[in-house]
Each structure stands twice: as structure tokens, then as C-alpha cells.
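Asker: turn this into a structure:
(2 chains)
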2 protein chains.
Amino acid sequence: MSITAPAGFTAAALTAGIKPSGNPDLALVVNNGPEFHAAAVFTRNRVVASPVKISRESIKDGQIRAVLFNAGNANACNGTQGDKDAQAAVDQVAKLLDVAPTDVGVCSTGLIGEPLPMDKIHAGVEKLVPGLGDHGGDAAEAIMTTDLVKKEVLVKGDGWTLGGMGKGVGMMSPSLATMLVCLTTDASATPEMLDEALRAASRVTFDTLDIDGSTSTNDTVFLLASGASGISPSQEELNAAVLEASEDIARMMQADAEGVTKRVTVTVEGTGSDEQAVNAARTLARDNLFKCAMFGSDPNWGRVLAAVGMADADMDPDHISVYFNGHAVCENTTGTPTAREVDLSGADIDVRVDLGTGGPGRATVRTTDLSHDYVHINSAYSS
Amino acid sequence: MSITAPAGFTAAALTAGIKPSGNPDLALVVNNGPEFHAAAVFTRNRVVASPVKISRESIKDGQIRAVLFNAGNANACNGTQGDKDAQAAVDQVAKLLDVAPTDVGVCSTGLIGEPLPMDKIHAGVEKLVPGLGDHGGDAAEAIMTTDLVKKEVLVKGDGWTLGGMGKGVGMMSPSLATMLVCLTTDASATPEMLDEALRAASRVTFDTLDIDGSTSTNDTVFLLASGASGISPSQEELNAAVLEASEDIARMMQADAEGVTKRVTVTVEGTGSDEQAVNAARTLARDNLFKCAMFGSDPNWGRVLAAVGMADADMDPDHISVYFNGHAVCENTTGTPTAREVDLSGADIDVRVDLGTGGPGRATVRTTDLSHDYVHINSAYSS
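Answerer: Residues are numbered from 1 along each chain as shown, chains lettered A, B, ... in the order given. Predicted structure coming up:
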């Protein structure tokens, strides 16, 4: 159950002192080959953190040999000093591992706008390299911020395996999140195959996880392949494994989202295209009134209609239907007689909306409720 | 200070029994002429309540003689029965006032998807008409839902006056709100002049008040002119009065928003156009992480950058500046040394963001923080 389960990977983690809590906060993942192929996807935010700038360059040749992670500091919006600091950390890792700096990725998560404590980073990296081993679980713990549980996954292929770790519980949407994910596999696959598998999986997992409508400056998902199993899966086999791992991690993120008391799955259908369905599902998933109703286990379907009515999606405003946990609460834009009787007291709520056009568009977005704890956690984070 | 202050207007209000609280919930505003010119703007939501459907038809000829208001029930998403019920109420008002049904407007606010209790409506309307008089204040009270204070305004022209009332504290954005507003004036003005004045004022007041990113199915703003003063102001004078009244009511709505502890004014500049500036200001005003930080009086400018980085607006990602209450907290996308020292403990917070392109676009959006009370009020509303 870890990123070091696939052959060819080692990891190390420790407390560098970046987090005030004294919890582990620095981790290194190394691909020992024989192949060093990789793919990555990044935040769509136009304000990007320094580590994202560096990793975007590093991935361009499809080769990554190591990724350095830190939690407790996002190294975002620190100007050219932030870029220099991220590069200095990468250079140190490259030197200690005797690899090219352009083959090292870097990921940071935490508070925006605080200078990276480079003395702690350098001292930590110095100790990380001799400690490399089968320590994927420690790495998964070190990248946590307000996560309550560490998030790991293992998918078995035919003679090969794929492991993963992730962190992320807030600032999650619309494409990725304050989300760092590292997937590793001992399959042999070209960078192009890895890229196709990662993009296909992200589109329906990380990209449609929408906790609070906010998108981080630091989102990064790496997929590293060592080829150490000697097995070359087909594109379909690779896609399936990456999708399964991504789905599992996205579900763990949804379940551990900041202040979550409800896991809400929003499916929209009956509109012009899948893209329109995503638009409408996101509009609903981000509607605070709807999210508060979910927190209150309140089958207030009127707020569903008010929200989707603003979405950029084809709809027949007089023929919209809404289902809570499979129970029809609204048909033809009118409440059903038993609408208020549906029981939403459980932790999982399934919401399905048919926009009534008969069109083929369909999409699912995963979100959460808006709770007192969300407000508490996020009003007392930085100061 | 009321809609019956301008000559030519009477109003009445009473408790019809629609609100479970037993508070007043039905009001009638009548224009006694000699002119009956009017303008109105409505929600942009594609799911619209029955009263909006009827009022949109009534306003087409620029003439309205009376508007019936009820609170406690939105009469939205009630299917054809909802349309019939709204029409029946309008027909009753028209018959009692001896006017054409097409000259009667109707506005509802409250829970979506509950049938309108027509026995109570009919009994109430029957009593409203003989009670018509200088009761604008009572009408302003009867349209309240979760509003804590009634919202009235009076603007003096040169020989004429303009009065107004409004309600609305949540589901407010991006164009209008769960907002009902009625403005009355004894000025003599054509429907075209009224329409121009109302649209110009709405664009910079009601349309840029964004409490929670949600847009109601029922938003309506009426402007009624009796001509009873015998004065015909210029378009500029009319525009100025309607703008002043709209600004005052919008400010009262912001101050009374559900669960508000902070009144936050977001101004964005340095982008390509005013429209882009509105996009960016709205994106920030709706960002839950930013709103939680405001609740916590936390100068967490990193969340401002993370939010505006996702906005559909021209920006220079390396040259964004942020000011809290006039204090520079971020310059060139980098925190200032004194960023964490700014005091946000007061009830009013001014946020200014320069997107760094040097472009002429500039816009202001008014919003609020995201508080525990907002979650409490909105998780326990319908059931």
C-alpha cells in the first residue's frame, strides 16, 4: 500500500521543522530505474507556485528520477526568491543523487507567501538521501497538511504494480486541488503512454473533485514509471490501473475534506454534452446554499433548481427532475408529494439532476457539505 | 422614508398566515396616478418563479398600477399550479382595484417548491384593498424573510421624491438576489426613462452585490412612477435619484446579509475591461477560503491570489498587488514585509486588487464573510 511497493522505487521522509507542529514535513521519492519515464499534470491557476514552475520544465522531456515534497509552506507568491529557493533544493537533491537537476521534480503545499526556510530544507535534504528505502508510508505522512488520514493506494497489474500517495483536503477544484499526488509503477511504459493514462484518469477523478470551488497554486500529480518489472502493459491496462488508483485517492480526499460531514456525489444528465453536464454539476457542487442544506440533511431541492438554473448548460426549465438517493423529489420542475420524506441523514448523499432536454450529456462531480468545521478550519489557518 | 412618501402611492400590509412565525407576510402597493409608468428588472436565472413569469409579461407595455408582494413562500417550481395561483392572486387584486390584470405585478419570496396557500392569499387580499393608505413602512416589514431589519429609502428630487423598500439577505448574486425591491416616485417620466434609470442603477448596485454566489428564482426590482408631483426631471436627475436609492438599499442588504460579521468591498483594477474586472471581483467575492479568512480577520492575501488566478480576466501573474484597507500586503505577487500586520478586526474591510496589466478595467463588488451563522441559518431553513 505505498509508492515504494512497485519495484525500482525508494523513498524517505523526516521532520525538517517546516511545520510548526513538529510533524514530518519533507519527503523524497526516487525512481532507481532502469527506466525513468514520467508524466505530470498541474494546476490551471494562472498564479502558480515556484515548485510548479520548475516541475513543469522538468517534465517536458518525459523523464523524472526524483521528486522532493514539502508540506507546511507552499513556496507560492514569494517572487524570484521563491524560484531561487525551489531551484536550490532541486539542485541539492540532484547533486546528492548524482542526476541532472532537470530530472528532479519538486512539490510544495502549505501557506502561501511565506519564504521557504532554506536552512531547514537543506539540512533535511542532506539527511533524506542516506535514509532512502522502502518508506513510502512515511512519505505519504510527510505531505499531509490539514489531512486527518494519510492517503495511499496500490493497484496490481499482470506482473506489475502501481502505487500512489496523495494529500489534499481543501482549496479543491475545478481541475485538481491543493492536491499533491505521486503515482509510481514498475511497468515499462513510454512517457506518451503515461501522459495519456494520467490525463484520462485526472479528467474524471481529480478534475471533478470540487470541495470548495477554490483552486490551488500548487496542484501537481506525478506518475513515475521504473520499468523494473520488465512488463509492458497495454495502454488499456495502464489506463485502467491509473484510473483505479486516481479514483481511490480522489475518494479518500473527498472523505477527508476539511470539515466534511457528508460525501455528496452530484450527477447531471439530460443536457447537450458531457462538458455542459460538468458545468452544471460544478455549479451545483459549489452552491453554498445547497451545501449548507446537505450539512443539515435537508432535502431542499428548490436550492438545486435555483443553482442549476444559473449553469452554462442546455436545459428545459420546465422539465427538470431531481433525485436524492434515488428518490424522486422533483419532476418537471415541481416537487413530488413525498419530496420532504427522503432520508438524508447518512454520510453519503447521491444527487442526480436530469435537465430535461433528452440530450446525451452526463457527468459526475464529487463534493462535500459546508459545515461549521469548514468555516472554523478556514477562518483560523494562517494567523 | 417609505414607498408611500411620494405623492400618488398607497400601500397596505397584514399577516395572511403564510409565514409560520405569524409575522406580516402580504403587502400591496398601488399607484393612484395620474400616470402609471413603470420599469422592472428580473433574475437572470433560467428557472424562474411563477410571479416572475407574470410580472415579466405585465411590464412589457411599461404600465403597472399595483404590485402584490408575499413573503414566506416563493411560489417557485410549483408547475402550472404555481402559475395559476399567481394569476388568481393578480386577478383578485385587479378586480378589487378595478384595473386590468395585465397592469398588476406580483412578487414572492420564501421557500421554493411549496404550494401557495391560496385560501390565505385570497382572504388576505380581500382585506388589503380597503386598508390601503400611507402604510409603506408596514409593506417593507411584510416582505422580510430572514432579514433582521426592514430596508427603506427616500431620495428628494427638485419638487419630486423617490421612495423605496427592499428585502434580501441571502441567495444574492450575480445579478440581483433573493431580492425584492420596489421603488416609487411621483416624478413624471416615460417608461423608457424609467427603464434606462433602473438598468443603469442596477448594473452597479444590485448586480454587483454578491453575498453567496447563489441567484434566486424570484429576484425582481420594480420602479413605479405616478407623475403626481407634476414635475418632469431630466434623465440625469432621474438616473441620479434611482442610483442613490439603489445604492442605499444594496448597502442595507449587504449589512444585513445572512450571518454577516464583515462587510467586504472588493475592487479590482489593472485589467482589460470593466467586465473583466467584475469577473475577477466576483471570483474573489465567491471564494469560500477568502470569505472564511475575512470572518477570521485574517490578512491571508495568498488566498486572494489563488482566487483571482482562476478568474476570466487579463492579468500579469507576476505583477499582482493586493491592498487590505489601503495597506499594501502583496506587491508584484510577493508579500510585503508588513503584510501580516494589517488590522482587519473592524466590521468593514476594503480589498483592492491590481492585476498588473496597466489596463483600464475597474469594478467593485460588495460581499460579506462566510461565518458560522451563515452555515447555521442555511442548514436549518426548510425542515
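Asker: what about A:A11, helix or strand, and which?
Answerer: When elements are assigned from DSSP states H and E, A:A11 belongs to strand A:9-14.
Asker: can you list the domains in chain A?
Answerer: By the assignment in automatic domain parsing, chain A contains the domains A:9-255, A:263-379.
Asker: for the ones you listed, give me CSV that also has mean pLDDT, distance to chain B and mean neighbour count.
Answerer: Backbone N, C-alpha and C define where each C-beta goes, glycine included. Shown next, in CSV, are these (pLDDT from 0 to 100; distance: least, C-beta to the nearest C-beta, whole Å; neighbours: other C-beta atoms under 10 Å in any protein chain shown):
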stretch, mean pLDDT, distance to chain B, mean neighbour count
domain A:9-255, 89, 2, 22
domain A:263-379, 90, 2, 21
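Asker: thinking again about what came up before, so which elements touch the strand holding A:A11?
Answerer: Helices and strands touching strand A:9-14, by 3 or more C-beta pairs under 8 Å, 6 or more residues apart in numbering or on different chains; DSSP states H and E, are strand A:26-31, helix A:118-128, helix A:136-142.
Asker: switch to 10 Å and redo it
Answerer: strand A:26-31, strand A:66-73, helix A:118-128, helix A:136-142, strand A:180-185 (3 or more C-beta pairs under 10 Å, 6 or more residues apart in numbering or on different chains; DSSP states H and E).
Asker: can I get that strand as PDB, trimmed to CA atoms?
Answerer: Written as PDB, here are the backbone C-alpha positions of strand A:9-14 (Å, rounded to 0.1, in the frame of the first residue of the first chain):
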ATOM      1  CA  PHE A   9      11.300   3.000  -6.100                       C
ATOM      2  CA  THR A  10      12.700   4.200  -2.800                       C
ATOM      3  CA  ALA A  11      11.600   7.000  -0.500                       C
ATOM      4  CA  ALA A  12      12.500   8.800   2.700                       C
ATOM      5  CA  ALA A  13      10.800  11.300   5.000                       C
ATOM      6  CA  LEU A  14      11.600  13.300   8.100                       C
END
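Asker: with distance to B:G309 as extra columns, can I get the helices and strands packed on strand A:9-14 in JSON lines?
Answerer: JSON lines is the format used below for these (distance: least, C-beta to C-beta, whole Å):
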{"stretch": "strand A:26-31", "distance to B:G309": "26"}
{"stretch": "strand A:66-73", "distance to B:G309": "18"}
{"stretch": "helix A:118-128", "distance to B:G309": "25"}
{"stretch": "helix A:136-142", "distance to B:G309": "27"}
{"stretch": "strand A:180-185", "distance to B:G309": "18"}
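Asker: right, and the ones you listed - which one's nearest A:I377?
Answerer: Closest to A:I377 of the helices and strands packed on strand A:9-14 is strand A:66-73 (C-beta to C-beta; 15.9 Å).
Asker: report the angle between that closest one and helix A:118-128.
Answerer: With axes from the mean of the first three to the mean of the last three C-alpha atoms, to 10 degrees as the basis, strand A:66-73 and helix A:118-128 are set at 140 degrees to each other.
Asker: returning to what we had before: any chance of the domains of chain A in JSON lines, plus distance to B:M294?
Answerer: Formatted as JSON lines, the domains of chain A follow (distance: least, C-beta to C-beta, whole Å):
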{"stretch": "domain A:9-255", "distance to B:M294": "14"}
{"stretch": "domain A:263-379", "distance to B:M294": "8"}
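Asker: against A:G272, how distant is the most centrally placed residue in chain A?
Answerer: Geometric centre of chain A, nearest residue: A:M179, 4.1 Å, by C-alpha atoms, centre = their mean. According to C-beta to C-beta, to the nearest Å, A:M179 stands 29 Å off from A:G272.
Asker: with A:A293 instead?
Answerer: Counting by C-beta to C-beta, the gap from A:A293 to A:G272 is 27 Å.
Asker: which helices and strands does the helix ranked longest in chain A pack with?
Answerer: The longest helix of chain A (DSSP state H) is helix A:235-255. On a contact count with 3+ C-beta pairs under 10 Å, 6+ apart, helix A:235-255 meets strand A:151-156, strand A:161-167, strand A:180-185, helix A:191-204, strand A:220-225, strand A:263-271, strand A:361-368.
Asker: 6 Å instead?
Answerer: Contact here means 3 or more C-beta pairs under 6 Å, 6 or more residues apart in numbering or on different chains; DSSP states H and E; on that basis helix A:235-255 packs against strand A:151-156, strand A:161-167, helix A:191-204.
Asker: of all those, which one is nearest A:V29?
Answerer: strand A:161-167 (8.4 Å).
Asker: who touches the closest one?
Answerer: With C-beta atoms under 6 Å, 6 or more residues apart in numbering or on different chains as the test, strand A:161-167 has contacts from A:2-3, A:5-6, A:140, A:143-144, A:147, A:151-155, A:180-185, A:241, A:245, A:249.
Asker: just the angle for that strand relative to strand A:151-156, thanks.
Answerer: Put simply, strand A:161-167 runs at 170 degrees to strand A:151-156, going by the same axes, to 10 degrees.
Asker: looking at it, A:G82 is touching A:A76, isn't it?
Answerer: No: counting by C-beta atoms under 6 Å, A:A76 is not a contact partner of A:G82; they are 7.2 Å apart.
Asker: quick one: contacts for the nearest residue to A:D134 once chain neighbours are set aside?
Answerer: Counting by C-beta to C-beta, 6 or more residues apart in numbering or on different chains, A:T4 is the residue found nearest to A:D134 once chain neighbours are left out, at 4.7 Å. Listed by C-beta under 6 Å, 6+ apart, the contact set of A:T4 reads A:A11, A:D134, A:G136.
Asker: doesn't A:T4 belong to a helix?
Answerer: No: secondary structure of A:T4 (DSSP: H, G, I helix; E, B strand; the rest coil): coil, not part of a helix.
Asker: the residue nearest to A:I3 when sequence neighbours are not counted and A:I59: what is the separation?
Answerer: Spatial nearest neighbour of A:I3, chain neighbours left out: A:G136 (4.1 Å); criterion: C-beta to C-beta, 6+ apart. Distance from A:G136 to A:I59, counting by C-beta to C-beta: 21 Å.
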